[in-house]
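Novice: coords please:
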Amino acid sequence: MNDQTDAQLLHAYAEHRSESAFTALANRHVNFVYSAAVRMVCDAHLAQDVTQAAFVALAQNAGQLLERPVLSGWLHRTAQNIAAQTIRTEVRRRAREQEAAAMNEIFSNESDVAWKTIAPHLDDALGELSEPDRDALLLRYFERKSAREMAQTLNVSEEAAQKRVNRAVERLREFFTKRNINIGASGLVVLISANAVQAAPVGLAATIFSAATLAGTTFQTSTAIAATKTIAVTTMQKTLITTALVVVTGAGIYEASRSAKLQNQIQSLQQERASFTEQTKESQRAREDLANQLAAFQEENKSLRRNIAELPRLRGDVARLRKDSEDLARLKSQASENPMRASMESWLARVDQLKKRMQNSPDENIPELQFLTEDDWLSATRGDDLDTEENYRRAMSSLRGSAENKFGNMLQPALKKYLAANSNQWPTDLSQLQPYFKSPVDEAVLQRYKIFPAEELRNFHFDDNWIISQKAAIDEEYDSRMGLGSNGWGTSGGAWKPQTVALDSAIKILTPAMKDYKSANNGIEPSEPAQLLPYLKTPDEKAALQKVIQARNPKTD
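Specialist: Have a look, this model is predicted:
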């Protein structure tokens, strides 16, 4: 059964009470448990009792351990608990006094000073490790598993298993360093590999199986108590015999003195451990307080950054409002001094009327209006009175067009800077242009625009594969559409209407005239088709221009 895993052997014992399965488990782990017990109780005979008790517990709890991947971890913790209880009893003290010679024999090798230094603390150090780290360390250096076997047992990759082992060794080294035992990680590994697991006395595995059989036959409390009493009687008998031998040889006094010193050392170590535990708790509490303070500082820092980011926009709003107020005051002053005062007052009244219309019709508003000045509002109301719905729509469209043009004057240099900084690669989203504006632009403005493939906007003729334009019009009948390329931008009044095949053909015929116009006007496209008349060279171009004009204004003959 040596080729079966611990889990398979436990299943066989728990479900079928297989003696061979439990014997295989005992033979596989007895050296490991016995070695840990020897380090804990420093007594060979008591170590045998602790080992037997650990395997009795295994027999009693076999059904609860079926899903546990690393059995050695559970055995180590169980042996540690049993050893701690045993140390507190009078039997352990007397047995230690009488069997000191056996302990001295274990540590008689004077040349192995390093192992004798770390051995008394090794099991405490193992107990400080987390369960995953301890399991990995026990598999690697106590059960001598390969990296692949460790990975299969722990159900992780070989790299992850080795990382656990390395982390566990480093934490062991830190544990010893805090106790003024300085040893490197590699030296610690060598010592553990060479000394951590010793051969158990011959016949101990058979004794374990006998005791476990008593414990696991019926799982009744009376049977377990009987097995425990049997072990205790055996221990007492060995104790009495050993005591007699020590008295006869006259070595009892020396051994008692040696045991008392060791007991004092153990108590001192326990006190140091309790002090260290309290210091660790204090450090943990202090670290948690610092972490809470750091989180509060970080949140406050984020709030301050958000407020600082809002400052440029707020300053811009204040400056714009101040300028608008000054412009309005100047215009009113001019109106009071101008002989045509009545006409100016009527003009200002139209501005107020249009502003109220905008306030009452938020769906006709756009965020670019923040860029307008009082002069822009006056220009939008110059001429017609706002006495009809059509006049309102024209005035409001003019306002939106002025605001979009002002944004175009800001957007063009930002796009050029971005292209220069990114090897002429166009952005995929307009928010990427934000760092290239002279001052931050409201995100609501950028959300109104989109980067279109050039073939989708055939009214514009830029030497680019992409064009920036509004996503949609507020009033398709009156609003112009802005198109912006890398070297220029312009507007088109008919760009919101779908183009027919004939219109598309006419626009292609006008391409040479369009290029001539742009060359003569610093790359800016014409806002009206009629502006191309001076640049037409052939009758076909004139006919194509007429088609474009008719498509733009269907009522034109």
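Novice: residue contacts, residue 396?
Specialist: Applying C-beta atoms under 8 Å, 6 or more residues apart in numbering, we find residue 396 in contact with 354, 357-358, 364, 380, 474-475, 478. For glycine as for every other residue, the C-beta is placed from the backbone atoms N, C-alpha and C.
Novice: Return the distance of stretch 195-209 from the chain's centre.
Specialist: With C-alpha atoms, centre = their mean, to the nearest Å as the basis, stretch 195-209 stands 48 Å off its chain's centre.
Novice: coming back round to it: in helices, which of the contacts of residue 396 appear?
Specialist: Judged by DSSP state H, helices contain the following of the contacts of residue 396: 354, 357-358, 380.
Novice: And the residue nearest to residue 65 when sequence neighbours are not counted, which helix or strand is it part of?
Specialist: Excluding the flanking residues, the one nearest residue 65 by C-beta to C-beta, 6 or more residues apart in numbering is residue 10, at 5.8 Å. Using DSSP states H and E, residue 10 sits in helix 6-16.
Novice: The next helix or strand after that helix versus helix 6-16: what angle between them?
Specialist: On the C-terminal side of helix 6-16, the nearest following helix or strand under DSSP H and E is helix 19-41. Angle of helix 19-41 versus helix 6-16, following axes from the mean of the first three to the mean of the last three C-alpha atoms, to 10 degrees, is 120 degrees.
Novice: what's helix 19-41 packed up against?
Specialist: Contact here means 3 or more C-beta pairs under 8 Å, 6 or more residues apart in numbering; DSSP states H and E; on that basis helix 19-41 packs against helix 6-16, helix 44-60, helix 71-87, helix 113-128, helix 204-216.
Novice: out of these, nearest to residue 372?
Specialist: helix 113-128 (71.5 Å; C-beta to C-beta).
Novice: What separation is there between residue 411 and residue 473?
Specialist: Distance, residue 411 to residue 473, by C-beta to C-beta, to the nearest Å: 18 Å.
Novice: surely residue 404 meets residue 470?
Specialist: Yes - assessed by C-beta atoms under 8 Å, residue 404 is found in contact with residue 470 at 7.2 Å.
Novice: Identify the contacts common to the two.
Specialist: Contact criterion C-beta under 8 Å, 6+ apart; residues shared by residue 404 and residue 470: residue 482.
Novice: any low-confidence regions in the stretch 101-250 of the chain?
Specialist: 101-112, 209, 211-250 (pLDDT under 70).
Novice: Swap in 50 and give it another go.
Specialist: Scanning the stretch 101-250 of the chain for pLDDT under 50 picks out 102-103, 106-111, 218-250.
Novice: Okay, helices next: where are they in it?
Specialist: Applying DSSP state H, counting those that start in this stretch to the stretch 101-250 of the chain gives helices spanning 113-128, 131-137, 147-154, 158-178, 185-195, 204-216, 221-249.
Novice: just how off-centre is the helix or strand just after the longest one within its chain?
Specialist: On the C-terminal side of helix 221-249, the nearest following helix or strand under DSSP H and E is helix 252-337. Using C-alpha atoms, centre = their mean, we find the averaged C-alpha position of helix 252-337 to lie 19 Å away from the chain's own average C-alpha position.
Novice: Also stretch 76-84?
Specialist: Relative to where its chain is centred, stretch 76-84 has its mean C-alpha point 39 Å off (C-alpha atoms, centre = their mean).
Novice: list the buried ones in it?
Specialist: For stretch 76-84, a neighbour-count test (16 or more other C-beta atoms under 10 Å) marks 76-80, 82-83 as buried.
Novice: cool, stretch 379-392 as well?
Specialist: For stretch 379-392, by 16+ other C-beta under 10 Å, it's 379-381, 386, 392.
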